[in-house]
Structure formats: structure tokens, C-alpha cells
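Student: need coordinates for the following:
(one chain, ligands or ions: 1)
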Amino acid sequence: MTDNALNQASLQIEAARADATRRPTIAAFFDEATNTVSYVVSDPATNKAAIIDSVLDYEAASGRTDDRSAKLIIEYVKTNNLEVEWLLETHAHADHLSAAPYLQERLGGKLAIGKDIRIVQDVFGKLFNAGTDFQRDGSQFDHLFDDGDKFAIGTLDAIALHVPGHTPADMAFVIGDAAFVGDTIFMPDFGTARADFPGGDARRLYRSIRRLLTLPRETRLFLCHDYKAPGRDEYAWETTVGLQRDYNVHVRDGVSEDEFVVMRTARDRTLTMPDLIMPSVQVNIRGGRLPEPEDNGVSYIKIPINAV
Ligand SMILES: [Fe+2]
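Tutor: This is a model prediction of the structure:
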């Protein structure tokens, strides 16, 4: 079966590898509180940029948000005279709140996510009994990507790939020679993302990852999280397709789909839910906006009891 989107992405990567002007400048911002990596990806020729998976700090005990992490991104954008065209979310995160609306207000750009966010909105809309006011059509975002959609950051070529499994809506963004793979694969010594959230599917995750690993071996992969790994003291978030195929502890070449599903399912049973899943999901399915304030002007986060 030909995979047109994958072929287009591979051609784009080869072209960028052959021509430095087609390669992005990449700045990573690591949030140690949630182990999340946010990226600012920019075109050196035009200073146009995309911000991927930004973090709004949130303290669960007090219910307070903070813009510490977001301000670091704003400072970088301003210092480098960048013009933000896109605020990209690889998926509706369950471990941190998105700062995309906060950044959009200050820096501009279009907020975008995968089109199957509508499925995620439906699943969690029901779980949180969000009511009929909560639109489940993705309209909280400015743009919804389909698999294979091409876009641009200044003069840089980019393509969106649908890589479901961790959630139904996960996207990877291939920009020049670099792929931002969200929560699919992690560093080779750590493995892969969990697939047990509502709507997750280990079999789909395996297929999405193996699809990404058919990109050229030299493709630079940028991950959404790192948790270190036994024997590693430093955080890391950049690797390559080749290294993943040779060494990934969960999905290197030779690991079958069934073997992966057995391993992933067993491992997921041992994991507790992320500390911030309740606030994160309720905010992120709204495009990173807090739930509508109640009549006293305060926004509330719900917790469904014995439901997850
Ligand atoms: Fe995630």
C-alpha cells in the first residue's frame, strides 16, 4: 500500500538534508515539573516561527496558574525578532496545561491541532459532563490538520501526519528535516508513550510509530517528554529514526505488533494517572482556555469520582 503522506514527508526531509536553507532553527524549553519539552521552530530566512506544545504552569494544590514557562518562550521570540505564524499542539495533553491562548494573545499566530480532537472532545466532554455549551467540533482551534496536510513556516516546508494511539488525535509535525513526534515515541532507552487514556489504543500506537520509523534514518526526531531512564542522568529529547530503529527498548526493528501490545498493556497497568490529568484535559480540550467562569467570576475544574 502506498503511503502518500509518508512519501511526501520523506521527500521533504531529503530535500532539507541537501539544502541548509530548508532546515529550521530549533529551540527547546524543558519544563521539569511536567517533564514536557516545548519548541520554538523558526525559519532563518524570514524569522517566521511556530511554537509547539507550550506549557502554562499550574499548581494543583492551590489551583493557581503561572506564566513562568510561557514568558521564557516570549522572551526567546522577542530576542530573536521572530514572528509567530503557528501555535501547534501535537495532541490534547493530559499532564500539563497548554499556554497556547496566552501566547497567542501576546504573539499572534494560528492555533492548530489534529482534526480528531473532535473525538477527544466527545470522549472527555461526556466524562466531565461538559454540557451542550461545550462545542465538540474543534471550533476552539483556528485550524484542524488532517493526515498529509502541507503547511509552511516562512519558506520552510512542513507536513502534518496523523499518529494516533496515545490519544485518537495525535499529530506529528515534520518541518524541514525535523519531526516533532509528540507523545508517540520517547528516547530509545525509555521507549514509548502510554496508550491507556480514554480513547488510547496500543495497537494503533505501534502502527503510528512504525510508520514514523519509515522516514529516512537521518531524520531528526524531537520528543514531547523525557523522564530520563535507568543509568541516564541528563534529560534528552532529540534522537533520530535510525537510533530508534536500532535501539528503542519497546519498538526497535524486530519487535512485532503483538509483542508490543502485550508489553505496552502490561506496563500501562502499572502506571498511575498523571498528577495534572483532570485540569489538563478540561483546559486543553478547550484549546487551552479555562472552563467558562461561574456566576461569581471564578473558573472551576471538575473531578469525576470513580470514573477514570
Ligand atoms: Fe500526552
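
Student: mind listing the helices for the protein?
Tutor: 4-18, 68-79, 100-107, 117-127, 202-212, 241-247, 257-269, 277-284 (DSSP state H).

Student: and of those, who's closest to Asp295?
Tutor: Asp295 lies closest to helix 277-284 among those, at 18.8 Å (CB to CB). C-beta here means a position set from N, CA and C on the backbone, and glycine is covered the same way.

Student: just give me the neighbour total for whatever residue of the stretch 51-200 of the chain ends up closest to the ion.
Tutor: The stretch 51-200 of the chain approaches the ion most closely through Asp183 (3.7 Å), counting by CB to the ion. By the criterion of other CB atoms under 10 Å, Asp183 has 27 neighbours.

Student: for the stretch 51-200 of the chain, which residues are neighbours of the ion?
Tutor: Applying CB under 5 Å from the ion, we find that the stretch 51-200 of the chain lies next to the ion at 93, 183.

Student: do that again at 6 Å, thanks
Tutor: For the stretch 51-200 of the chain, the contact set with the ion under CB under 6 Å from the ion comprises 91, 93-94, 166, 183.

Student: just the closest of these to Lys115, please.
Tutor: The closest of these, once distances to Lys115 are taken by CB to CB, is His91, at 12.0 Å.

Student: check contacts around the closest one.
Tutor: By CB atoms under 8 Å, 6 or more residues apart in numbering, the contact list for His91 reads 113-114, 117, 120, 166-167, 169-171, 182-183.

Student: next one: Leu107
Tutor: 51, 74, 77, 84.

Student: again, 6 Å this time
Tutor: By CB atoms under 6 Å, 6 or more residues apart in numbering, the contact list for Leu107 reads 77, 84.

Student: likewise the one 3 residues further on?
Tutor: Contact analysis of Lys110 by CB under 6 Å, 6+ apart lists 86, 142-143.

Student: quick check: closest non-adjacent residue to the residue most central in space within the chain.
Tutor: In the chain, the residue lying closest to the centroid (CA atoms, centre = their mean) is Thr90, at 2.9 Å. Distance criterion CB to CB, 6 or more residues apart in numbering; nearest residue to Thr90, sequence neighbours excluded, is Gly182 at 2.8 Å.
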